[in-house]
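S.K.: sequence first, predicted coordinates after that:
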Protein chains: 2
Amino acid sequence: MWYNFGMIYEHERIDDLQIKGLKLIQDPSLFCFGMDAVLLTSYAKIKENANVVDLGTGNGIIPVLLCGKYNPLKVIGIELQAQNALLAERNIVFNHLEEKISIIKGDVRDIEKLLKPQTAQVVICNPPYKKAKSGIINEKVEKAIAKHELNGTLEDFIKAASFILQDKGQLHMVNRPERLIDTVMLMRQHQLEPKRITFVLPYDDQKPNLFLITGSKYGKPFLTVEKNLVIREKNGEYTKEVLEMYRCKKK
Amino acid sequence: MWYNFGMIYEHERIDDLQIKGLKLIQDPSLFCFGMDAVLLTSYAKIKENANVVDLGTGNGIIPVLLCGKYNPLKVIGIELQAQNALLAERNIVFNHLEEKISIIKGDVRDIEKLLKPQTAQVVICNPPYKKAKSGIINEKVEKAIAKHELNGTLEDFIKAASFILQDKGQLHMVNRPERLIDTVMLMRQHQLEPKRITFVLPYDDQKPNLFLITGSKYGKPFLTVEKNLVIREKNGEYTKEVLEMYRCKKK
């Protein structure tokens, strides 16, 4: 199929990522990126020249943000859904990041066919948060796959991460607090020892609604629960920490 | 050995628990209770007429506090160290709680010989925080046992809790964040599903230094990470939440 990579369709929209002029084409009928992608890429702190893999890359938001915030050697995004994978490709071209980012259309459950073992220093993953049988699934199938474990469970993603990570390589993930126990159990089962957790609070005096977690391949058990990340001040404005993420100074 | 239960020895001290006139005899050469016992008993929220077991009761602080804060049917404290178990007995008599609290001198690893299975609605446990081989162990052996896993690992305590708890019965525990992963893994392995976690922060803008966790026997996986419990205000005074614990209104 021929595709005009410079063209935007009427039903699409372009979001300014506010980092080095990067922009993202999004299709509102598919899963659109949210703040979790911004939080996860800021939290990850990628070292210069790292090889990074993003599992379930969607429209490519995480690889694009990583290239805006850091200077990785290469980012590979893996995406199962054809429509998303194509949009991700277009976003890479749109941002002139063809030399940094590659998209592989494929299934994390087939990771052994897609990538070599122990070749990445970092894996990033913003997995579907909900179990297949939980919640109401009445939306468009592409959106449902991104939100529910219809194609790829949490374990599939963690297993894939463990396969491609080098010794001491790191998996950075985001999920909801109700999945914390599943997440840490599965990480440890797959030799990714949880080393660092940050809870994300909408407001200072509320419960967390997300957590960010780092697992280290063959790491020694010792967890640090970090200072909470609070999103908004009492008056509803973003906190200093969040504004800094959007300012995206290179670290 | 004959022991005068009303008598206090010169090397001992009496601490006012500030609840209904309850007091605690402590021996500074043994492990003395700290704020974690106060936090854990407030967090636990024991229902009227519950059967409660405290694993590793030390000088009996937790059973005594529970009787001050709630109205359990019966609290059994299990303690391995003879000196502690005796002190716990004296503390019960000292506070006229003989009808509510019993102390069993015994080892949590022998729980099957000490108590019947599935007989408690609630188990409380403030276990040794440190692994046997971590940190410096140069203190008196009784203190070291209370702080390090010399006699009874985290798994021994969790396994014992699972043995004595009824279906849907709850284990309430406290530990340090670096042991969070071990704790939740072991709880799930022993059919105690983690349902509720509260992180304890010394100050609002610091990392947690403790967490409180509740596991439910045969519970369904769904965790709630609760609002943080902050100990002190910026000016160093206790927060409203902590002051309320010390005021100890009956809930």
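M.R.: Sure thing, it's come through.
S.K.: am I right that A:Gln170 sits in a strand?
M.R.: Yes. A:Gln170 forms part of a strand when assessed by DSSP: H, G, I helix; E, B strand; the rest coil.
S.K.: burial measure for it, as a count.
M.R.: The local packing count at A:Gln170 equals 26, with neighbours defined by other Cβ atoms under 10 Å in any protein chain shown. For glycine as for every other residue, the C-beta is placed from the backbone atoms N, C-alpha and C.
S.K.: beta partners of it?
M.R.: Bridge pairing for A:Gln170 (DSSP bridges) gives the partners A:Val122, A:Ser216.
S.K.: now do A:Leu210
M.R.: In this structure, A:Leu210 bridges to A:Val200 when assessed by DSSP bridges.
S.K.: and the pLDDT for it?
M.R.: Each residue has a pLDDT score; the one for A:Leu210 is 95.
S.K.: show me what contacts it?
M.R.: Applying Cβ atoms under 8 Å, 6 or more residues apart in numbering or on different chains, one finds that A:Leu210 lies in contact with A:Asp36, A:Leu39, A:Val174, A:Asn175, A:Arg176, A:Pro177, A:Phe199, A:Val200.
S.K.: any idea how many residues pack against A:Pro72?
M.R.: 20.
S.K.: what's the helix or strand for it?
M.R.: Element membership of A:Pro72, judged by DSSP states H and E, is empty: it is in no helix or strand.
S.K.: got it, and A:Ala88?
M.R.: Per DSSP H and E: A:Ala88 is located in helix A:82-94.
S.K.: tell me what that helix is packed against?
M.R.: Taking 3 or more Cβ pairs under 8 Å, 6 or more residues apart in numbering or on different chains; DSSP states H and E as the contact definition, the neighbouring helices and strands of helix A:82-94 are strand A:23-26, helix A:61-69, strand A:74-79, strand A:101-105, helix A:141-147.
S.K.: hey, least reliable of these by pLDDT?
M.R.: Looking at those, the lowest mean pLDDT belongs to helix A:141-147 (a mean of 70).
S.K.: anything in the helix or strand just after it near chain B?
M.R.: Using DSSP H and E, the helix or strand that follows helix A:141-147 in sequence is helix A:154-164. No. Using Cβ under 8 Å from any Cβ of the partner chain, helix A:154-164 stays clear of chain B, with a minimum separation of 11.5 Å.
S.K.: just checking, what packs against helix A:154-164?
M.R.: Packing partners of helix A:154-164 (3+ Cβ pairs under 8 Å, 6+ apart): strand A:51-55, helix A:111-114, strand A:120-125, strand A:165-175, helix A:180-189, strand A:192-203, strand A:210-217.
S.K.: okay, the helices and strands packed on helix A:82-94 in JSON lines with distance to A:Arg90 and mean neighbour count next?
M.R.: What follows is the helices and strands packed on helix A:82-94, written out as JSON lines (distance: least, Cβ to Cβ, whole Å; neighbours: other Cβ atoms under 10 Å in any protein chain shown):
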{"stretch": "strand A:23-26", "distance to A:Arg90": "6", "mean neighbour count": "19"}
{"stretch": "helix A:61-69", "distance to A:Arg90": "11", "mean neighbour count": "26"}
{"stretch": "strand A:74-79", "distance to A:Arg90": "12", "mean neighbour count": "25"}
{"stretch": "strand A:101-105", "distance to A:Arg90": "10", "mean neighbour count": "20"}
{"stretch": "helix A:141-147", "distance to A:Arg90": "16", "mean neighbour count": "17"}
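S.K.: nearest to chain B, out of these?
M.R.: Ranking the helices and strands packed on helix A:82-94 by their distance to chain B (criterion: Cβ to the nearest Cβ) puts helix A:141-147 first, at 17.2 Å.
S.K.: surely A:Glu98 meets A:Ile92?
M.R.: Yes. In terms of Cβ atoms under 8 Å, A:Glu98 counts as a neighbour of A:Ile92; the distance is 5.8 Å.
S.K.: what parts of chain A come near chain B?
M.R.: Near chain B, the residues belonging to chain A are A:177-182, A:184-185, A:188, A:193-194, A:197, A:199, A:204-208, A:211, A:221-228 when assessed by Cβ under 8 Å from any Cβ.
S.K.: how does it look with 10 Å?
M.R.: Chain A comes close to chain B at residues A:131, A:134, A:176-185, A:187-189, A:193-195, A:197-199, A:201, A:204-209, A:211, A:215, A:221-228, A:230, as judged by Cβ under 10 Å from any Cβ of the partner chain.
S.K.: circling back: what about the helix holding A:Ala88, average pLDDT?
M.R.: Per-region confidence: helix A:82-94 scores 92 on mean pLDDT.
S.K.: that helix to strand A:51-55, inter-axis angle?
M.R.: Orientation check (axes from the mean of the first three to the mean of the last three Cα atoms, to 10 degrees): helix A:82-94 against strand A:51-55 gives 150 degrees.
S.K.: which parts of helix A:82-94 are buried?
M.R.: Residues of helix A:82-94 classed as buried under the neighbour-count rule (16 or more other Cβ atoms under 10 Å in any protein chain shown) are A:Asn84, A:Ala85, A:Leu86, A:Leu87, A:Ala88, A:Glu89, A:Arg90, A:Asn91, A:Ile92, A:Phe94.
S.K.: wait, which of those is closest to A:Leu150?
M.R.: When those are compared for distance to A:Leu150 (Cβ to Cβ), A:Asn84 wins out at 13.7 Å.
S.K.: indicate the residue of the stretch 51-200 of chain A located nearest to chain B.
M.R.: Among the residues of the stretch 51-200 of chain A, A:Pro177 lies nearest to chain B; the distance is 4.1 Å by Cβ to the nearest Cβ.
S.K.: OK, contacts around that residue?
M.R.: With contact set as Cβ atoms under 10 Å, 6 or more residues apart in numbering or on different chains, A:Pro177 has these partners: A:183, A:199-200, A:207-211, B:197, B:222-226.
S.K.: could you rerun that using 6 Å?
M.R.: A:Pro177 makes contact with A:Pro208, A:Phe211, B:Leu223, B:Val225, according to Cβ atoms under 6 Å, 6 or more residues apart in numbering or on different chains.
S.K.: now do it against B:Asn209, distance only.
M.R.: Note on A:Pro177: its distance to B:Asn209, by Cβ to Cβ, to the nearest Å, is 20 Å.
S.K.: one step back: which pair of the contacts of A:Leu210 spans the longest distance?
M.R.: The two members of the contacts of A:Leu210 with the most space between them (Cβ to Cβ) are A:Leu39 and A:Pro177, at 14.1 Å.
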